[in-house]
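Novice: pasting the sequence and the predicted model now:
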Amino acid sequence: MTNQLLQYHVIDESKSWDEAQEYCREEHSDLATVRSMADMERLSQDLRGREAWIGLYREAGGSRMWQWSQPEVQFNESQSDWDPISKEPNDVGKENCGAVRNTLKWADLSCNRTTPFICYDERNSSEVIYGKVQRNWTDAQNFCRNHHTDLISGPEQMKKLNVMETLQSLPNLVGNDYLFIGLFRDPWQWSDGSNSSFRFWNLTYDDEESVSSCVMLNEEGRWNSENCEETHHFVCHEDHVILINKSRTWEEALYYCRHHHHDLVTITNLEEQRWVQEKTKNATTPYVWTGLRYTCTLGFWFWVSDEVVRYKNWASPEQVNECDMSGAMETGGEHKWVKKHDEEKFNFFCSTT
């Protein structure tokens with residue numbers, strides 16, 4: 001699976017992180033943002049074991065933000081379920097990773113503590129609880145990504161699956177009544193301002209939050225935090241999607257994109273969906289137009305770029321009995337696709353290629 005809306009460029013010049021950022025912004029879009037293991041695999045193939053800066057950095061004393069390990073799941077404070085009895089999150093020492101008990105109430109723990117953990121497997125939409133295996137949070141995340149999909153992320157996954165029931169059927173969790181989930185917090189930011197929660201630290205990662213530092217892919221293809229003044233090769237990205245903060249009908253949006261850029265955006269796979277939905281945070285309307293269109297004559301949805309609609313992300317099954325409908329993406333929530341009447345006015349996504 002590739003993301004045609006995002007292109008990486010490996011620059012074989014040695015620069016500090018700030019110099020690399022300036023170069024990328026002048027010559028491309030920005031220093032590389034990484035959103036998934038698919039992006040990491042692309043970068044690893046391009047770098048062939050070389051070290052290089054990417055766009056993640058941290059300022060000393062930066063604020064820590066709670067996030068989910070699965071990048072497509074956004075953290076929502078209003079849906080948090082911290083344990084009120086122990087007054088979580090209590091941040092005793094430095095507790096930057098999340099866990100649950102068999103009540104499913106959340107607690108913050110040290111990421112270096114070893115506990116059982118819960119993976120999520122999207123292939124069969126189930127949770128997999130490792131109640132007799134103890135790992136630190138980074139090791140648990142690595143295990144889940146290698147054997148399943150990731151650490152379980154978000155209250156919706158935990159409630160929709162049988163996590164509570166499964167936990168209560170495992171009374172003899174070895175040595176601990178906490179299990180790690182995909183909740184973590186850190187002060188790291190992406191150069192392009194995106195909120196991707198994807199991280200791929202080396203397995204001995206130990207965060208010194210009092211130090212400003214920048215992230216480099218190491219020779220093993222994992223991430224190290226390094227002094228930003230060091231000089232390394234670096235990776236830029238070229239962003240081929242633009243959010244237009246103008247409210248237009250679908251047809252007006254189509255003409256705008258074709259006149260000023262290339263076309264309304266086409267989304268053909270999950271990686272492209274993730275890249276496009278990231279940009280909705282700057283939208284000023286509840287939905288954003290895409291290049292999806294319904295033909296009443298033939299009775300099916302199509303992309304205006306002539307791509308066949310294979311990948312689908314509808315909020316509900318398509319209703320094919322309405323004319324003058326086009327496809328938009330939800331600005332919030334799970335960023336599902338919805339059908340809207342052509343004459344409604346929303347922001348819209350243009351592609352540049």
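Specialist: Alright, I've got the coordinates.
Novice: show me how the chain divides into domains.
Specialist: According to automatic domain parsing, the chain comprises the domains 6-62+187-238, 73-185, 240-351.
Novice: same list, these, but as a markdown table with mean pLDDT and mean neighbour count please.
Specialist: All C-beta spots, glycine's among them, are computed from the backbone N, C-alpha and C. As requested, the domains of the chain are exported to a markdown table (pLDDT from 0 to 100; neighbours: other CB atoms under 10 Å):
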| stretch | mean pLDDT | mean neighbour count |
| --- | --- | --- |
| domain 6-62+187-238 | 89 | 18 |
| domain 73-185 | 87 | 18 |
| domain 240-351 | 91 | 18 |
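Novice: which residues in the stretch 101-250 of the chain form strands?
Specialist: With strands called from DSSP state E, counting those that start in this stretch, the stretch 101-250 of the chain shows them at 106-109, 115-121, 126-135, 150-151, 179-186, 189-190, 213-217, 223-226, 232-239, 241-248.
Novice: what's the angle between the longest one and strand 179-186?
Specialist: This points to strand 126-135. Strand 126-135 runs at 80 degrees relative to strand 179-186, counting by axes from the mean of the first three to the mean of the last three CA atoms, to 10 degrees.
Novice: strand 126-135 pairs with which strands, and in what direction?
Specialist: strand 115-121 (antiparallel) (DSSP bridges).
Novice: need the contact partners of the strand it pairs with.
Specialist: Strand 115-121 is contacted from outside by 70, 99-100, 109, 126-135, 137, 140, 143-144, 147-153, 157, 161, 163, 173-174, 176, 178-182, using CB atoms under 8 Å, 6 or more residues apart in numbering.
Novice: how about the residue positioned nearest the centre of the chain, secondary structure?
Specialist: In the chain, the residue lying closest to the centroid (CA atoms, centre = their mean) is Pro71, at 2.5 Å. Secondary structure for Pro71, judged by DSSP: H, G, I helix; E, B strand; the rest coil, is coil.
Novice: quick check: closest non-adjacent residue to it.
Specialist: Phe198 (4.4 Å; CB to CB, 6 or more residues apart in numbering).
Novice: which residues are in contact with the one you found?
Specialist: Contacts of Phe198 (CB under 8 Å, 6+ apart): 34-36, 39, 71.
Novice: swap in 6 Å and give it another go.
Specialist: Contacts for Phe198 (CB atoms under 6 Å, 6 or more residues apart in numbering) come out as 34-36, 71.
Novice: just these: which are in helices?
Specialist: For those, not one is inside helices, with DSSP state H as the criterion.
Novice: quick check: Thr352 touching Glu238?
Specialist: No: between Thr352 and Glu238 there is no contact under CB atoms under 6 Å: 8.9 Å.
Novice: before we move on, the earlier item: what's the farthest-apart pair in the contacts of Phe198?
Specialist: Val34 and Pro71 (9.1 Å; CB to CB).
Novice: quick check: the gap between Tyr178 and Ala140.
Specialist: From Tyr178 across to Ala140, the span is 12 Å (CB to CB, to the nearest Å).
Novice: ah, wrong one, I meant Val276
Specialist: 30 Å.
Novice: for the residue in the chain sticking out farthest from the centre, identify the helix or strand it belongs to.
Specialist: The centre of the chain is farthest from one residue, Thr297, which by CA atoms, centre = their mean lies 37.7 Å away. Using DSSP states H and E, Thr297 maps to neither a helix nor a strand.
Novice: residues contacting it?
Specialist: By CB under 6 Å, 6+ apart, Thr297 lies in contact with nothing.
Novice: got the phi/psi numbers for it?
Specialist: Dihedral pair for Thr297: phi -60, psi -50, per degrees, to the nearest 10.
Novice: just the endpoints, please. Distance across stretch 306-315?
Specialist: Stretch 306-315 has an end-to-end distance of 23 Å (CA to CA, to the nearest Å).
Novice: now do the helices in the chain.
Specialist: Under the criterion DSSP H, the chain contains helices at 17-27, 37-47, 137-147, 155-160, 163-168, 250-260, 270-278.
Novice: closest one to Thr231 among the ones you listed?
Specialist: helix 17-27 (7.9 Å).
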